[in-house]
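Peer 1: Dropping the sequence and predicted coords here.
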Amino acid sequence: MNLKKIYILLNVALCLLGGLAVSCTQDDLEDGSGTLPPGKYPLRLTASIEASVSSRSACKDEWDEGDVIAVRIGDYPVTGSYMLNADGTVKKSVNALSWLQPEDYVTAWYPYVYHEETLVKKLTDQTDGLANYDLLGAQTDKKHYKETVDLKFQHRMSKVICRLLPGEGVSDEEFATVALSVNGYSEAKFNQGIVTAGDVNEWIKPFFDAEVSTSKAAVFEALVVPQDMAGKDMFKVNIDVNVNGHIIPKTLTYKADESSGKLDAGYYSIYTIVVQKDRLMVNPPVSAEWNDVGGAVDSAPWVFKIVFNENFSIPKKSRKEIVFSPNIVNLDAFMDSTVNYLEVAGNEFSFSYTILDNEKTPKMEFLDGVKDVDILESGYEVDGNKEIFTFSGRMRSNEVTAVYKEFYSPDPKPGDFYYDDGTWSTNKQEGKTCVGIVFHALKYDWWLEDAMQIALDAVNDDGAYDLDEFIDKSVHGYALALEDANSSKTVKWNNVNYECGLTASSFRDSGKKYFNGYSNMETLKALRGTVVGKNVLELPPVEACLDYNVPTSHSSGWYLPSADQLVALIANKAAVQNGLVKAGGVDLVVGTGLAAAYWSSNEGLANTSLQAYALFNWHNASPSVAPKLKGNAGRVRAILTF
């Protein structure tokens with residue numbers, strides 16, 4: 001006996017249950033009692049898909065002519081099937097259902113699969129688009145048999161949208177090689193409109209949206225089984241990095257936290273991912289229900305703009321104190337004063353800045369702020385001599401106008417105390433943690449006596465800059481760590497005969513000075529692990545600086561100094577030594593041998609693969625910076641830029 005006959009008999013049986021003496025009359029049906037004659041009252045329906053966040057990746061956001069949906073009424077063991085027109089009306093009842101009760105629930109799902117069967121979707125390759133992986137379900141409350149039931153289908157998967165942006169120093173050519181993978185369950189199991197997970201997580205190849213992507217922004221999208229990814233690797237980016245002509249493939253991963261890992265059914269999450277050469281910076285996502293198409297998230301363009309009006313004034317010298325969220329697209333141009341607006345990838349943004357000694361109090365306002373910007377957080381606190389202002393908001397329109405007032409910072413000088421909160425002072429302040437001693441500062445710049453140029457890290461290809469450019473970039477100065485890295489142990493510069501391309505150019509060009517230790521450090525970090533013959537390149541001084549875990553803020557972090565930065569340290573030796581004593585730090589080691597020398601990040605000029613520059617004879621009357629064999633032991637003292 002087939003299921004259709006069972007279905008008819010079930011209708012008859014239910015009718016008989018009403019009693020042999022009571023027939024299924026029209027009056028019984030009108031007051032909601034009794035059962036319905038089998039096959040007399042067919043289900044009438046329309047179907048719609050709840051609108052989706054705008055996307056060019058072709059999810060199942062509308063019906064195609066001839067789509068077939070599966071439908072059940074209540075718990076009866078029959079699956080109906082209906083072919084639809086593009087407008088969601090029924091084109092053909094393939095296997096029609098009739099009402100058995102005057103009122104009942106209606107369940108539907110797409111794509112069609114019989115209710116006793118489970119559809120398994122392999123999710124690991126979505127490069128051809130998302131429509132084939134979009135699983136839809138609809139569930140009504142109780143409906144009356146006389147109604148035309150409007151089935152509102154919802155997306156049962158979770159949608160991940162990733163906008164990748166190049167970080168500082170990542171060229172267009174390098175960024176063009178980025179490939180994103182999204183971690184998620186490898187399979188989705190689909191039964192009666194319910195999605196469950198497969199057994200394992202794998203890396204998913206998402207859809208690349210070539211239409212909306214540019215050389216400065218790559219957009220990827222994927223559908224994943226809902227889950228909480230907190231504490232798990234969520235994103236993986238492969239990129240080819242050019243290090244002094246060497247193309248080095250790198251794999252960068254991001255581990256989700258509680259703010260970024262929750263992927264709910266029927267929700268989309270938009271992530272802004274800034275791809276640095278050594279890490280991924282990921283903003284907390286903009287998330288909403290899949291049918292939430294209002295607001296700026298769905299508007300074109302992707303980039304939103306904060307325009308500062310004529311009252312806007314931040315001296316270039318002070319702009320480094322502002323810490324922006326990583327989804328600011330045009331940060332370099334803004335910091336250079338090339339433009340007076342911020343472009344934001346996505347409609348949420350944040351920034352904070354520190355008000356130091358003797359600064360004017362800044363103020364940030366939005367014109368028509370109630371209409372244009374939702375204030376998510378606005379904070380102000382006083383910490384000793386420091387005031388901290390934080391702000392985050394969500395823009396409602398594509399362009400908002402802001403007012404910003406001027407503030408300024410005091411100038412440091414050699415010998416000043418540098419603290420872990422990014423501030424500095426001439427007299428040591430109680431209750432603050434000193435982490436370094438200033439050894440070079442702009443206002444007291446010793447290079448000016450010789451009319452020499454100053455360099456700022458990683459801007460021009462050769463690392464050399466004139467004084468005006470230096471001032472524009474607002475580097476206040478450089479600080480020396482209070483003690484040696486690597487627990488004061490000596491280390492070799494590297495372990496194999498290898499040229500890293502970091503010759504100390506300034507020693508042959510007396511017209512320039514290269515304060516490019518930070519960019520040298522970035523190059524060396526990228527070269528770690530390079531295969532040289534049968535060996536793998538090791539750079540112990542770099543590792544020592546990376547392992548020097550003394551926390552700082554508003555700075556570059558600790559790195560290996562360049563040869564010229566060691567020369568600047570020598571020039572202000574007395575002030576530095578005095579500061580180290582007062583701060584309770586440790587002076588550079590006493591001695592004249594090779595083991596008492598301190599490594600720089602620059603290689604030698606003549607024997608580049610064999611030699612690197614180092615600081616010798618710190619405690620003598622005439623310390624010097626000179627080449628030293630990389631295979632000899634040397635010491636490491638880290639510095640930072642602030």
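Peer 2: Perfect, thanks for sending it. Residues are numbered from 1 along each chain as shown.
Peer 1: Kindly export the helix or strand encompassing Lys159 (C-alpha atoms) in PDB.
Peer 2: Following DSSP states H and E, one finds Lys159 within strand 158-166. Backbone C-alpha positions of strand 158-166 (Å, rounded to 0.1, in the frame of the first residue of the first chain) are rendered in PDB as follows:
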ATOM      1  CA  SER A 158      24.900  31.700   8.600                       C
ATOM      2  CA  LYS A 159      26.500  34.100   6.100                       C
ATOM      3  CA  VAL A 160      30.000  35.400   6.500                       C
ATOM      4  CA  ILE A 161      31.100  38.400   4.500                       C
ATOM      5  CA  CYS A 162      34.800  39.400   4.700                       C
ATOM      6  CA  ARG A 163      36.300  42.600   3.400                       C
ATOM      7  CA  LEU A 164      40.100  42.300   3.200                       C
ATOM      8  CA  LEU A 165      42.100  45.500   3.200                       C
ATOM      9  CA  PRO A 166      45.900  45.900   2.800                       C
END
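Peer 1: I'd like the mean pLDDT over it, please.
Peer 2: Here the mean pLDDT over strand 158-166 is 88, rounded to a whole number.
Peer 1: buried sites along the helix or strand following that strand?
Peer 2: Sequence-wise, the next helix or strand downstream of strand 158-166 (DSSP H and E) is helix 172-175. Neighbour-count burial for helix 172-175, counted by 16 or more other CB atoms under 10 Å, picks out Glu174, Phe175. To be clear about C-beta, it is placed using only N, CA and C from the backbone, and glycine gets the same treatment.
Peer 1: Just the residues contacting helix 172-175, thanks.
Peer 2: Applying CB atoms under 8 Å, 6 or more residues apart in numbering, the set of residues contacting helix 172-175 from outside is Leu164, Pro166, Ser215, Lys216, Ala218, Ile239, Asp240, Val241, Asn242, Val275, Lys277.
Peer 1: So Thr433 sits against Tyr419, correct?
Peer 2: Yes: assessed by CB atoms under 8 Å, Thr433 is found in contact with Tyr419 at 6.0 Å.
Peer 1: Comparing the two, which residue is more hemmed in?
Peer 2: The neighbour comparison of Thr433 against Tyr419 (other CB atoms under 10 Å) goes to Tyr419, with 22 against 12.
Peer 1: What pLDDT is listed against the closest residue to the more buried one other than its chain neighbours?
Peer 2: Spatial nearest neighbour of Tyr419, excluding adjacent residues (CB to CB, 6 or more residues apart in numbering): Lys432 at 4.7 Å. Listed pLDDT for Lys432 reads 88.
Peer 1: Can you tell me the element Lys432 falls in?
Peer 2: Residue-wise, Lys432 maps onto no helix or strand under DSSP H and E.
Peer 1: Double-check it against Tyr418; I have them as touching.
Peer 2: No: proximity of Lys432 to Tyr418 does not meet the contact threshold set by CB under 8 Å, at 10.2 Å.
Peer 1: So this protein: which segments form each domain?
Peer 2: The chain breaks down into these domains under automatic domain parsing: 3-120+128-154, 158-296, 303-404, 417-641.
Peer 1: lowest-confidence stretch among those domains?
Peer 2: Comparing mean pLDDT over these, the weakest stretch is domain 303-404, at a mean of 53.
Peer 1: Run through the residues that contact Leu136.
Peer 2: Residues in contact with Leu136, defined by CB under 8 Å, 6+ apart, are Ile49, Lys60, Trp109, Tyr110, Phe153, Gln154, His155, Arg156, Gly193.
Peer 1: now swap in Pro285 and tell me
Peer 2: Shown in contact with Pro285 (CB under 8 Å, 6+ apart): Ser260, Ser269, Ile270, Tyr271.
Peer 1: Please tell me how far the first one sits from Cys162.
Peer 2: Translated: Ser260. Per CB to CB, to the nearest Å, Ser260 is found 11 Å from Cys162.
Peer 1: list residues touching both of these two?
Peer 2: With contacts taken as CB under 8 Å, 6+ apart, the residues that reach both Ser260 and Cys162 are Tyr271.
Peer 1: When the two are compared, which one has more neighbours?
Peer 2: Neighbours around Ser260 and Cys162, counted as other CB under 10 Å, are more numerous at Cys162. The numbers are 23 against 20.
Peer 1: Settle this for me: the more buried one is touching Phe208, isn't it.
Peer 2: No: here Cys162 does not reach Phe208: they are 10.2 Å apart, not a contact under CB under 8 Å.
Peer 1: Please identify every residue contacting each of the two.
Peer 2: With the criterion set as CB under 8 Å, 6+ apart, the overlap between the contacts of Cys162 and Phe208 is Val219, Phe220.
Peer 1: Go ahead and confirm Trp599 touches Phe616.
Peer 2: No: taking contacts as CB under 8 Å, Trp599 lies outside contact range of Phe616: 11.2 Å.
Peer 1: got any residues that touch both of those two?
Peer 2: Contact criterion CB under 8 Å, 6+ apart; residues bridging Trp599 and Phe616 by contacting each: Lys628.
Peer 1: out of these two, which sits in the busier spot?
Peer 2: Summary of the neighbour comparison: Trp599 and Phe616, criterion other CB under 10 Å, with Trp599 having more neighbours (30 against 21).
Peer 1: I'd like the distance between that one and Ile570.
Peer 2: 15 Å.
Peer 1: cool, and Thr272?
Peer 2: As it turns out, when the distance is counted by CB to CB, Thr272 lies 44 Å from Ile570.
Peer 1: Settle it for me: which of these two has more neighbours?
Peer 2: Each of Thr272 and Ile570 had its neighbours counted (other CB under 10 Å), and the higher figure belongs to Thr272 (27 against 16).
Peer 1: Surely the more buried one is within a strand?
Peer 2: Yes: judged by DSSP: H, G, I helix; E, B strand; the rest coil, Thr272 forms part of a strand.
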